[in-house]
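**Student:** whatever this is, show me its structure:
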Amino acid sequence: MTMTKDLVTENGAATPVEDLWFEDGNLILKAENSLFKIYSGLLAARSSVFRDMLAFPPPAEGNATVSGCPIVTVYDSAKDMGYFLRAVFDTSYFEPPPVQSELPIVEGVLRLSLKYDVQYLRRRALQHLLSTFPTTLEHWKQRDTHRTIPPVDNTPFAAFRLARQFELTWLLPSILYCISSHPFEKTLDKSTWGSEEITLSWPDKRMCILGRQRIIMKQTQNALKMMKHAHTNAVEGCTSEMCAATRQRCAQVLADWDMAGLLDYFEDNADMYYSGFCARCRAAFKDLCASECQDLWDELPSMFDLPNWEVLEGLRRRSLE
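**Tutor:** Coordinates of the predicted model:
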């Protein structure tokens, strides 16, 4: 059935949402100017808040109805309510990882699953965020193939706003590292997310700026180590005269960066060093990068003045219970 006409309620015209308008439904939710005709029993079975709300329905007299079906006004955005109800009524709409999703859907489902106490949807939303902003270096290295939120431009800034709103501190190190890999102007001024502009508060700008500076200092220190190796015969059994020059080039690339990049440096620059190193130097360079990545990861929370990973892991576990 195609819904094309608005329905007139006591508060004016409202539009039925076609895929969430079940003709045999027994409850209409009104969010902004959108109407959702759904099944109260199924909604109550998923949400303790709606269960309590619907346990004592208002008397029919004096309350708005459409064709005898009661209307309950909720004070949520129509967009968020659409995401939330689709997740409730369509089991394939919002599945856990590794099924893909999108950040606006994750955000809307998280917001309303918290408000209306739908625990399995809350956990799914957090699992999607974790796949994209992990809390271990091992999972960071798998991020490109395991993330379920696509890398739309400025996603870290939108994720940061979400993590702040819902106090998801355990997500912040990964998110802030990603923000540090974006042009500095986005932190200082604003970034664009769809039709919105995201501007950070001054305390958050300060945290991002200081953390970014510490990451770049760490990368510069690593570049100096590489340069030192370039001027010494550091790798026993080196078989190529090109290796020293290759180390010098690798160090120069890292030293020139004004944004975060060390965690993916080895994987992202294979074309630069692979043919320039002999096998022994390549293995040694891989070990050096792995060691420096681990050091940076271990220090990452403190670079942004956050609790250490042990504390953050505890927060993560409690969030996902």
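**Student:** how close does D24 get to P16?
**Tutor:** 14 Å (C-beta to C-beta, to the nearest Å). In short, each C-beta sits where N, CA and C put it, glycine included.
**Student:** more neighbours, the two?
**Tutor:** A side-by-side neighbour count of D24 and P16, using other C-beta atoms under 10 Å, places P16 first with 18 against 6.
**Student:** so the more buried one sits in a strand?
**Tutor:** Yes. Assessed with DSSP: H, G, I helix; E, B strand; the rest coil, P16 lies in a strand.
**Student:** that one contacts N33, doesn't it?
**Tutor:** No. When contacts are counted by C-beta atoms under 8 Å, P16 is not listed as touching N33 (10.6 Å).
**Student:** in which helix or strand does D76 reside?
**Tutor:** Per DSSP states H and E: D76 is located in neither a helix nor a strand.
**Student:** which regions of this protein sit below the pLDDT cut-off?
**Tutor:** 1-12, 57-63, 229-234 (pLDDT under 70).
**Student:** now the strands for it?
**Tutor:** Secondary structure of the chain (DSSP state E): strands at 7-9, 12-21, 27-31, 34-38, 65-66, 69-74, 191-193, 196-198.
**Student:** reformat those into TSV and put distance to L162 next to each item.
**Tutor:** Formatted as TSV, those follow (distance: least, C-beta to C-beta, whole Å):
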stretch	distance to L162
strand 7-9	32
strand 12-21	24
strand 27-31	20
strand 34-38	23
strand 65-66	34
strand 69-74	21
strand 191-193	11
strand 196-198	11
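**Student:** which residues sit in contact with Q219?
**Tutor:** L254, A255, W257, A260, G261, L262 (C-beta atoms under 8 Å, 6 or more residues apart in numbering).
**Student:** hmm, M217 and the third one touching each other?
**Tutor:** No. With contact defined as C-beta under 8 Å, W257 and M217 do not form a contacting pair (11.7 Å).
**Student:** higher neighbour count, those two?
**Tutor:** Between W257 and M217, counted using other C-beta under 10 Å, the more crowded position is W257 (16 against 11).
**Student:** what's the nearest residue to the more buried one if we skip its chain neighbours?
**Tutor:** Once flanking residues are discounted, W257 sits nearest to Q219: 6.2 Å by C-beta to C-beta, 6 or more residues apart in numbering.
**Student:** swap in G237?
**Tutor:** Per C-beta to C-beta, 6+ apart, closest to G237 is R280, 4.7 Å.
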